[in-house]
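Enquirer: build me a model:
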Amino acid sequence: MCGRLVQAPTEIEFQNEVQKTAMEAAQRIAPHRSRLDVCTESVLSNPRAYSLFLDVDGTLLELAATPNSIHIPEGLSDLLQLLMTRLDGAVAIISGRLISEIDQIVRPIILPASGVHGSELRGAATGAIEQISPTLPADVVASLKKLVPRFPGVIVEPKGSGLAIHYRLAPHAEADILATIAHILKTHEGAFELLPGKRLFEIIPAGLSKGTALAALSQLPAFRGRVPIMIGDDIGDETAFGVAEEMRGFGLRVAGEYFHPDVADFSGPRSVMEWLEQIADRPVRDSARS
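Expert: Numbering: from 1, shown residues only. So this is what the prediction gives:
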């Protein structure tokens, strides 16, 4: 009798199947356990089966009044390096910031990363930054910059293929900012999308998101075949949560101005750092550098 050749599963595929079975069994036995508890136990039991994707602002860092007034936890870079070792390089940053800004925050380590909601991509520390979408038209940037003299405290932050308008210091300007953006989106119909955030609005290329970024990074050799974990705190992270969960992974939410503590997995960036320390098996640090 003729038969067909069946290819044996790879080590990672086997590990993933074991982890899937273990997680499903744990949830059947103790359905009251939190998603974070199940995730933590699973990662600690077999870190090589998982990949980790991290947002920055509101997740690794406390939110600040302006994009440049952030405080960076002491030892963040060392911690990320330990996580890279623990997960065999399967750690990436997925942010609305430019990749060049991400590099400054986590220096001297350089990580795989996506910037500007999927508009930039770097698959490896030694690789170049790939521009997925062209730069915003000059007329769009110029129109939005006119908001600055009208509303003191508003910050217009061009990001190449995207742009952020921060109004945390001028909350009364929200309606005017939204009206200006609506006019621009109508003029360039179909080219861009409006992404609201925490006291900011972002204009991003249509069809791109943190979800498309996570999907792309998951195909890289260091990430392929692993169960993804995405940690984020804002509406822009929802697409990445969805992609991670479609891949039988975890979307872990950080409480703050968007996620209420009752539905979040972490109480804030400090608890995220403590969890990462646990995964990396390193004591927590308390101080910060600016």
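
Enquirer: the chain: helices as residue ranges?
Expert: Here the chain has its helices, by DSSP state H, at 11-29, 35-45, 76-86, 99-106, 138-145, 147-150, 174-187, 210-217, 238-246, 269-280.

Enquirer: buried deepest among those, which one?
Expert: Comparing those by mean neighbour count (mean count of other Cβ atoms under 10 Å), helix 210-217 ranks first with a mean of 23. To be clear about C-beta, it is placed using only N, CA and C from the backbone, and glycine gets the same treatment.

Enquirer: isn't Arg150 up against Ala179?
Expert: No. Arg150 is beyond contact range of Ala179, at 11.8 Å (criterion: Cβ atoms under 8 Å).

Enquirer: if we can go back for a sec, could I get the helices of the chain as TSV with mean pLDDT and distance to Ile93?
Expert: Below are the helices of the chain laid out as TSV (pLDDT from 0 to 100; distance: least, Cβ to Cβ, whole Å):
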stretch	mean pLDDT	distance to Ile93
helix 11-29	49	22
helix 35-45	94	18
helix 76-86	96	9
helix 99-106	96	5
helix 138-145	92	25
helix 147-150	92	28
helix 174-187	90	26
helix 210-217	97	10
helix 238-246	96	12
helix 269-280	96	13
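
Enquirer: and of the ones you listed, who's closest to Ile129?
Expert: For Ile129, the closest of the helices of the chain is helix 99-106, at 5.2 Å, according to Cβ to Cβ.

Enquirer: distance check, the nearest residue to Gly115 once chain neighbours are set aside against Gly127.
Expert: Spatial nearest neighbour of Gly115, chain neighbours left out: Ile99 (3.9 Å); criterion: Cβ to Cβ, 6 or more residues apart in numbering. In this view, Ile99 and Gly127 are 11 Å apart by Cβ to Cβ, to the nearest Å.
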